[in-house]
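Engineer: Build me a structure from this.
(2 chains)
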Number of protein chains: 2
Amino acid sequence: MAPSDESMLDAPSTNSPPDDSLSDASDSPFHAFLDNFPLPSPDEGSIPIMVNSCTGKMASSVIIETLFHELYIIPVSFGSEAMSGQTYDISSKKFYMQGPSNREIVLQHLLAKYPDMIVVDYTLSAALDANVELYCKFGVPFVLGTNGGNRDLMLKTIQNSQSYALVSSQMGKQTVAFLGVLEYMSSRFPGMFAGYTLQVKESLDESKAKSLITMKAASVFFKRLGVAINMNQVESLRDPIQQRDVVEIKEEHLSCHEYYVFHLTSSDKMAHFEFQIKVSGRSMYAESTIDAVKFLNKKIKERHGKKLYNMLDVLRECEQVI
Amino acid sequence: MAPSDESMLDAPSTNSPPDDSLSDASDSPFHAFLDNFPLPSPDEGSIPIMVNSCTGKMASSVIIETLFHELYIIPVSFGSEAMSGQTYDISSKKFYMQGPSNREIVLQHLLAKYPDMIVVDYTLSAALDANVELYCKFGVPFVLGTNGGNRDLMLKTIQNSQSYALVSSQMGKQTVAFLGVLEYMSSRFPGMFAGYTLQVKESLDESKAKSLITMKAASVFFKRLGVAINMNQVESLRDPIQQRDVVEIKEEHLSCHEYYVFHLTSSDKMAHFEFQIKVSGRSMYAESTIDAVKFLNKKIKERHGKKLYNMLDVLRECEQVI
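Structural biologist: Have a look, this model is predicted:
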C-alpha cells in the first residue's frame, strides 16, 4: 500500500458555508501572500500540479521528484487549520498553506490561473472522503494514493462528477505490476500451485502497520492458484531490530519500507518458487505519482470517455507515458 | 529445461528395412518375451503409456510417478542396441528393451494391443529427430520433453503427420508458468523496469550445463521489460562445492537441480524485486509429464483440430486436466 504518513487534511465542517460566501475572503492571508508572491505562469507544456498536505513526507517526496520532470509546482497547498495562512519551505520553494475553512475560494482562484492543474493528494484516511468531494465539486482532476475512506462512496462521487481521477491504494508501479501479474496468473492458470504450501513473510514500517492491502490482494490470487494463505500464519515483522537483523532492512530505511516474501514449496519439498518485493524510502511511489499525473494529463487532453483510473491503467500505457 | 540425462536411443540406420520386412521378426526375442509375459489389458479408463529409454533417470522417474496416477505402463521400452532383447526392472516392473533395428514391428504390435497408447520420450538430442519421425510415421501420440534436435524440422514433421504431440524443452509446469508470466508481463507492461539493473544467478547440475533455454527465454522477456541481461554477466555456478555453499543446494540434489535468481534493482537502489526458482530432483518434471499425458489423451478423445501442443497449453487447462 502507499505510505499514508501524511499530516491529516482536516475534513471540512458539515456546515460548510454556501457557495455565495466564496467572495468573502478577498482580504484573506491567501491574497496577502499572492501580493508578495504572484503566481508565475508555468512553462509551455509543463503540467501545473498542486500537492496537498505538502508538510507530509510522501507529498514532499513528490515535490522533490518533480525537479526531474516537466511539472510546475503550484506554491499553494492545503493543510491543517493550525498552519493555515503560514508558509512552508520545501527544497527552497515556498508554499502557502491553506486550512480547511476557505479552501474553495483558493481552489477557484488557482483553477482560474491554472485551468490544466492536477491535484496530488496523499492524506490520512479520515480526510479522504471530504477531499474527494471537494475536487469533484470543482471538477479538478486528482491523483489519490492513500488507502482508506469510504471507497464505494468515493468512487461513486467521482463517477458522478466531471473530474478525471486516478485512485490507488498502492501507488508503487512495480508492486502494482506484481499484483497484476499474480492476478493474471491466477485467472490464466488456476490451481497451478495446488499441493504447494505458501510461506509468507512481510516487514512494514510502523506507519504502514495496519495496512494489509497488498497482502490481502495477493492472498486472493494465491488462493485461486491453489494455495491458501492463512493470514494468521503470515510472519509479520514490525520490530525494527528484527527488521534490521532478520530481513536486512538498512538502518536508514527502518522508518519507511515494505518488504514481502512469498515462498512456495511443492508437497515433496523439491520445487521452490519465491517472489520478493523490497521497497525502501518513497522514491518509487513519488516516481509512480509523477507517471500517474502525466497519464491523467494525457487522458484529459484526449478527452477520454473513461474518467476514473488506477495504477494498472498507467502501467498498461507506461511505454507511451513515461 | 528438462533433464536430458537419458541413455541415447540410437537413431535408426538410414538404410532401414522397407515396410514389407516387418513380418520377418515373428521369432524375435520380443515375441519370446511376450510368450512368457503376455501383455495385460489396462483397467477401464486407464491410459496405456510406453516410456521409452526407461533405463534413463528421467524416464524411470516418470514410471515411478505413474504409480500415483491412472496410467498403465506398457512393459516394453525402446533403448540402445546393446540392451536389445534384455529385460530391465524398475520398481519391480519388468521392461522388455527393444533396440533400434526392429522398433517398427514392436510398435505395430503394441498399437494393435493398445490403440490408445501414448509414448513418453526423454532422450538425448541426437536421437530426437529419428524418434519423432518414427512416432509420426505410425501416428502414435507422444510427449517429448527434451531440448535439441532439429526443432524446425521436427515440428514440421509433426504438423504433416496424424500424430498428436506435446513437445517442450522445459517440462516443469511451474517453471513454464514463470516464463509464461514473464512473457505476459513483458507484452502487457513493456518498459516497466526501465532504469533497473538485473542481476542473474543460476546453478545447474552438470547434465544441464549447456542448456540455457530457460535463461534465453527469460532474457528476451526482461529485455522487453526494459532491462537487458548481459549473458556474459550471468553468474553461472557449475561447481558442486559452490552450489552447496553459495546457493545452498542440498548434497543429494547436486546431481540434479536447476536454480535461477533474477534480481531487479531500481536506479536509486531503493526498490528491489526478486524471482527465484529452485527445483531439485525430477519429481516436478515427472508430475508435469503425467499432466501432459492426461492433457494429450483428452485432446485426442475430443478429436481436437489442433495436434501440436506445449506445456503452456497444459497449464491453461490445468484445472480441468489435473
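Engineer: for the helix or strand hosting A:Glu183, the distance to its chain's centre please.
Structural biologist: Element membership for A:Glu183, per DSSP states H and E: helix A:173-188. Here helix A:173-188 is found 19 Å from its chain centre; the criterion is Cα atoms, centre = their mean, to the nearest Å.
Engineer: How much space separates A:Gln170 from B:Ala112?
Structural biologist: With distances taken as Cβ to Cβ, to the nearest Å, A:Gln170 is found 61 Å from B:Ala112. (Glycine included, C-beta is placed from N, CA and C.)
Engineer: and the residue sitting furthest away from the middle of chain A, helix, strand or coil?
Structural biologist: The C-alpha centroid of chain A is most remote from A:Asp268, which lies 42.1 Å away (Cα atoms, centre = their mean). For A:Asp268, the assignment made with DSSP: H, G, I helix; E, B strand; the rest coil gives coil.
Engineer: Quick one: end-to-end distance for stretch A:200-216.
Structural biologist: This stretch, stretch A:200-216, spans 12 Å end to end (Cα to Cα, to the nearest Å).
Engineer: How about stretch A:298-312 and chain B, touching?
Structural biologist: No: using Cβ under 8 Å from any Cβ of the partner chain, stretch A:298-312 stays clear of chain B, coming no nearer than 9.1 Å.
Engineer: Please work out the average pLDDT along that stretch.
Structural biologist: The pLDDT scores in stretch A:298-312 average 92.
Engineer: Show me what counts as buried in it.
Structural biologist: Buried residues in stretch A:298-312, counted by 16 or more other Cβ atoms under 10 Å in any protein chain shown: A:299-300, A:307, A:309-312.
Engineer: again with stretch A:127-141
Structural biologist: Buried residues in stretch A:127-141 (16+ other Cβ under 10 Å): A:127-136, A:138, A:140-141.
Engineer: with these in mind, which one is nearest to chain B?
Structural biologist: When these are compared for distance to chain B (Cβ to the nearest Cβ), A:Pro141 wins out at 23.5 Å.
Engineer: Excluding chain neighbours, what is closest to the closest one?
Structural biologist: Distance criterion Cβ to Cβ, 6 or more residues apart in numbering or on different chains; nearest residue to A:Pro141, sequence neighbours excluded, is A:Tyr164 at 4.0 Å.
Engineer: Could you measure from the nearest residue to A:Met185 once chain neighbours are set aside over to B:Ser280?
Structural biologist: Spatially, and ignoring its direct neighbours in sequence, A:Met185 is nearest to B:Val181 (5.3 Å; Cβ to Cβ, 6+ apart). Using Cβ to Cβ, one obtains 22 Å as the distance from B:Val181 to B:Ser280.
Engineer: And for A:Asp313?
Structural biologist: A:Asp313 is 41 Å from B:Ser280, by Cβ to Cβ.
Engineer: repeat for A:Ser187
Structural biologist: According to Cβ to Cβ, A:Ser187 and B:Ser280 sit 30 Å apart.
Engineer: When these two are compared, which one has more neighbours?
Structural biologist: Neighbour count, other Cβ atoms under 10 Å in any protein chain shown: between A:Ser187 and B:Ser280, B:Ser280 has more, with 23 against 11.
Engineer: and that one, backbone torsions?
Structural biologist: Main-chain dihedrals, B:Ser280, degrees, to the nearest 10: phi -120, psi 150.
Engineer: got it, and A:Ser101?
Structural biologist: phi -60, psi -40.
Engineer: out of A:Gln170 and B:Ala112, which sits in the more crowded spot?
Structural biologist: A:Gln170 (23 against 8).
Engineer: what residues does chain A put near chain B?
Structural biologist: Counting by Cβ under 8 Å from any Cβ, chain A sits next to chain B at A:172-174, A:177-178, A:180-181, A:184-185, A:188-194, A:253, A:264, A:266, A:268, A:270-281, A:283-284, A:315-316, A:318-319, A:322.
Engineer: and those, which are buried?
Structural biologist: Among the residues of chain A next to chain B, those buried by neighbour count (16+ other Cβ under 10 Å) are A:172-174, A:177-178, A:180-181, A:184-185, A:188-193, A:253, A:264, A:266, A:270-281, A:283-284, A:315-316, A:318, A:322.
Engineer: Where do the strands of chain A begin and end?
Structural biologist: A:47-52, A:71-73, A:76-78, A:87-90, A:93-98, A:118-121, A:142-144, A:165-167, A:197-204, A:235-237, A:257-265, A:271-280, A:308-309 (DSSP state E).
Engineer: Next up, the contacts around the residue nearest to A:Pro141.
Structural biologist: Applying Cβ atoms under 8 Å, 6 or more residues apart in numbering or on different chains, we find A:Tyr164 in contact with A:141, A:296, A:299-300, A:304, A:307-309.
Engineer: A:Leu110 too?
Structural biologist: Going by Cβ under 8 Å, 6+ apart, the list of residues near A:Leu110 reads A:39, A:50, A:74, A:76, A:117.
Engineer: show me where pLDDT drops low in the stretch 101-250 of chain A?
Structural biologist: Filtered on pLDDT under 70, the stretch 101-250 of chain A yields the residue ranges A:208-212, A:231.
Engineer: ok, now with 80
Structural biologist: For the stretch 101-250 of chain A, the stretches with pLDDT under 80 are A:124-127, A:147, A:173-174, A:177, A:206-214, A:228-233.
Engineer: Next, count neighbours for the nearest residue to A:Ile74 once chain neighbours are set aside.
Structural biologist: Spatial nearest neighbour of A:Ile74, chain neighbours left out: A:Met50 (4.5 Å); criterion: Cβ to Cβ, 6+ apart. When neighbours are counted by other Cβ under 10 Å, A:Met50 registers 24.
Engineer: any idea how far B:His31 is from A:Met50?
Structural biologist: For A:Met50 relative to B:His31 (Cβ to Cβ), the value is 89 Å.
Engineer: same thing with A:Val62?
Structural biologist: Counting by Cβ to Cβ - A:Val62 and B:His31 are separated by 81 Å.
Engineer: Which of these two has more residues huddled nearby?
Structural biologist: A:Val62 (28 against 13).
Engineer: Does the more buried one touch A:Ala292 like I think?
Structural biologist: No: the pair A:Val62 / A:Ala292 is not scored as a contact, 10.1 Å apart, by Cβ atoms under 8 Å.
Engineer: what's the overlap in contacts for those two?
Structural biologist: Joint contacts of A:Val62 and A:Ala292 (Cβ under 8 Å, 6+ apart) do not exist.
Engineer: can you give me the helices for chain A?
Structural biologist: Assigned by DSSP state H, the helices in chain A fall at A:29-36, A:57-66, A:103-113, A:125-138, A:151-159, A:173-188, A:213-224, A:240-245, A:283-301, A:311-316, A:318-321.
Engineer: Can you check which of those helices gets nearest to B:Asp239?
Structural biologist: When the helices of chain A are compared by Cβ to Cβ, helix A:240-245 sits nearest B:Asp239, at 30.5 Å.
Engineer: And the contacts of that closest one?
Structural biologist: Contact partners of helix A:240-245, identified using Cβ under 8 Å, 6+ apart, comprise A:203, A:205, A:237, A:249-251, A:254, A:257, A:259.
Engineer: CA-only coordinates of that helix in PDB, if you can.
Structural biologist: Provided in PDB are the C-alpha atoms of helix A:240-245 (Å, rounded to 0.1, in the frame of the first residue of the first chain):
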ATOM      1  CA  PRO A 240      12.900  -2.500  13.900                       C
ATOM      2  CA  ILE A 241      15.700  -4.600  15.400                       C
ATOM      3  CA  GLN A 242      14.300  -7.800  13.800                       C
ATOM      4  CA  GLN A 243      13.700  -5.900  10.600                       C
ATOM      5  CA  ARG A 244      17.300  -4.900  10.500                       C
ATOM      6  CA  ASP A 245      18.700  -8.300  11.600                       C
END
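Engineer: List the buried residues in that helix.
Structural biologist: Going by 16+ other Cβ under 10 Å, helix A:240-245 has these buried residues: A:243-244.
Engineer: how close does the residue most central in space within chain A get to B:Met58?
Structural biologist: Centroid-nearest residue in chain A, with Cα atoms, centre = their mean: A:Gly145, separated by 1.6 Å. Distance of A:Gly145 to B:Met58, computed by Cβ to Cβ: 50 Å.
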